[in-house]
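**Student:** my questions are about this predicted structure, shown below with the sequence.
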Amino acid sequence: MSKSERSDEYLIERIKKGKTGAMPAYGEVFNDAQIGALLAYIRGLDD
């Protein structure tokens, strides 16, 4: 599955809440603007 097949909402929630055993939660670390920048970076990886 390519990164672009996941919705923005899914990726934002995964960044904020993490996934047990796979990725820590960053919702307390990054604000919404920073998470938006991370999402843009992730989307840019597909190019």
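**Tutor:** Everything's here; your move. Numbers count the residues shown, from 1 in each chain.

**Student:** give me the helices and strands touching the helix or strand hosting Gly36, please.
**Tutor:** Element membership of Gly36, judged by DSSP states H and E, is helix 32-44. Applying 3 or more CB pairs under 8 Å, 6 or more residues apart in numbering; DSSP states H and E, one finds that helix 32-44 makes contact with helix 8-17. Any C-beta I mention is one placed from the backbone N, CA and C, and that applies to glycine too.

**Student:** now do the buried residues in the helix it packs on.
**Tutor:** Across helix 8-17, burial judged by 16 or more other CB atoms under 10 Å covers Leu11, Ile12, Ile15.

**Student:** what is the mean pLDDT for the helix holding Gly36?
**Tutor:** For helix 32-44, mean pLDDT rounds to 94.

**Student:** got the angle between that helix and helix 8-17?
**Tutor:** 120 degrees (axes from the mean of the first three to the mean of the last three CA atoms, to 10 degrees).

**Student:** begin at 25 from here
**Tutor:** Sure, I'll start numbering at 25, so the last one becomes helix 56-68.

**Student:** ok, residues contacting helix 56-68?
**Tutor:** Lys27, Ser28, Asp32, Leu35, Ile36, Ile39, Lys40, Tyr50, Gly51, Phe54 (CB atoms under 8 Å, 6 or more residues apart in numbering).

**Student:** residues near the last one, how many?
**Tutor:** Spelled out, it's Phe54. 14 (other CB atoms under 10 Å).

**Student:** how much space separates it from Glu29?
**Tutor:** 23 Å (CB to CB, to the nearest Å).

**Student:** so which bits of the helix holding Gly60 are buried?
**Tutor:** For helix 56-68, by 16+ other CB under 10 Å, it's Ile59.

**Student:** re earlier: TSV for the contacts of helix 56-68, including distance to Arg67?
**Tutor:** TSV is the format used below for these (distance: CB to CB, whole Å):
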residue	distance to Arg67
Lys27	7
Ser28	7
Asp32	8
Leu35	9
Ile36	12
Ile39	13
Lys40	17
Tyr50	17
Gly51	19
Phe54	16
